[in-house]
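**Q** Just a sequence and a predicted model for now, questions to come.
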Amino acid sequence: MSAKYKSRLLSHLGHESYTPARIGDVAKDLNIPVDQLEEFTAAVRSYAEQGLVELGQSGHVTLPTLGMIADAGKGPYWCVCFGARK
């Protein structure tokens, strides 16, 4: 899947003023052209499958929470709070 949106999307979602929004609204925020909306949507869904972003039941896009990362069961992770390996 295309990585061309990844950096912009993650930066946008991580901004302190970002509020969870649906994919179409995020595309508007990032000035994604209408003819690229389908590709952008597929990329966001792919990033969600990879655990880079979370797609809520309501369709809102957010960064994954620490709990989501820990529950993913994809191996050891670092506890951000204490720097201890879990």
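**A** Alright, I've got the coordinates.

**Q** I figured Glu54 hits Tyr47, correct?
**A** No: with contact taken as C-beta atoms under 8 Å, Glu54 and Tyr47 are classed as non-touching, separated by 9.5 Å. Placement of C-beta: from N, CA and C, glycine included.

**Q** quick one, which of these two is more surrounded?
**A** Residue environment comparison for Glu54 versus Tyr47 gives the larger neighbour count to Tyr47, 21 against 16, counting by other C-beta atoms under 10 Å.

**Q** quick check, the more buried one in a helix?
**A** Yes: read with DSSP: H, G, I helix; E, B strand; the rest coil, Tyr47 is one of the residues of a helix.

**Q** gap between it and Ser58?
**A** Per C-beta to C-beta, to the nearest Å, Tyr47 is found 18 Å from Ser58.

**Q** Spatially nearest residue to Lys6 (excluding sequence neighbours)?
**A** The spatially closest residue to Lys6, leaving aside those adjacent along the chain, is Tyr47, at 6.6 Å (C-beta to C-beta, 6 or more residues apart in numbering).

**Q** From Val53, how far out is that neighbour?
**A** Here the distance between Tyr47 and Val53 works out to 5 Å (C-beta to C-beta).

**Q** tell me, what's touching those two both at once?
**A** Common neighbours of Tyr47 and Val53, using C-beta atoms under 8 Å, 6 or more residues apart in numbering, are Leu9.

**Q** That's all I had, so thanks and see you.
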